[in-house]
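okay, predicted coordinates and the sequence, questions at the end:
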Amino acid sequence: MPPEVAELIDSLDNQLGTPQPIDADAYLTNTLWLAAFRAEKALRHDNPDDARRDVRIALEQVRQALRDIVERRPYSDDVPINEVLDATMAILDAPQTAAAELFGVSVRQLQRWLAPGGTQPAGLDAARVRIVAQITNQLRHTFTGPGVLAWFTREHPMLGRAPIDMLADPTTYPDVLAAATAARAMTT
């Protein structure tokens, strides 16, 4: 094992933990830390071949976790809402009627939002677009576009109702996002 690799792995706790905490999804942060721990543990193997193999696997897990954290960035508040909407529509790959229902607007309103130079969601509409985008981004790793739509419309055991029914109230957004994250965690 090259000493530079061991130094990199030994520095992960400092690089990831300070001076600023990682502003990311809890599931992804946990995945990142577990992968860093596995890499650290792999350095301690007695067998060099086992160490090399396990370090490679763990570092690939670190890379994938960081990739997923960066992928989620397009849905943050500083990204223009039309970009968030376009990315979500691409993932859903659904008829505008189904997407409009998910966003809680008429098909015509959705078409205005999607039109170049058209009006843009604001206020509660923008908040709903962003949460639907974040949830869709989580679920795309588990489901197809139609599967994501089905997830929103079926009663969820953690929530006791269909997630789409909770999207009118922004105070429920963390619960719906947690349910989506749990669905993704079940597939890894």
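Okay, I see it.

every contact and neighbour count from this point should use C-alpha atoms.
Will do.

average pLDDT across the longest helix along the chain?
In the chain, assigned by DSSP state H, the helix with the most residues is helix 48-72. Regarding helix 48-72, the rounded mean pLDDT is 86.

just after that helix, pick out the following helix or strand.
The element immediately downstream of helix 48-72 (helix or strand, assigned by DSSP states H and E) is helix 81-92.

gap between the residue nearest to the spatial centre of the chain and residue 145?
For the chain, residue 138 is the residue whose C-alpha lies nearest the centre (Cα atoms, centre = their mean; 4.1 Å). Residue 138 is 12 Å from residue 145, where distance means Cα to Cα, to the nearest Å.

do the same with residue 31
Distance, residue 31 to residue 145, using Cα to Cα: 24 Å.

what element comes up after the helix or strand of the chain with the lowest mean pLDDT heading to the C-terminus?
Scoring the helices and strands of the chain by mean pLDDT, DSSP states H and E places helix 3-17 at the bottom, with a mean of 74. The first helix or strand that comes after helix 3-17 along the chain, using DSSP H and E, is helix 26-42.

and the angle from that following helix to helix 48-72?
Helix 26-42 runs at 160 degrees relative to helix 48-72, counting by axes from the mean of the first three to the mean of the last three Cα atoms, to 10 degrees.

which strands or helices does helix 26-42 pack on?
Applying 3 or more Cα pairs under 8 Å, 6 or more residues apart in numbering; DSSP states H and E, one finds that helix 26-42 contacts helix 3-17, helix 48-72.
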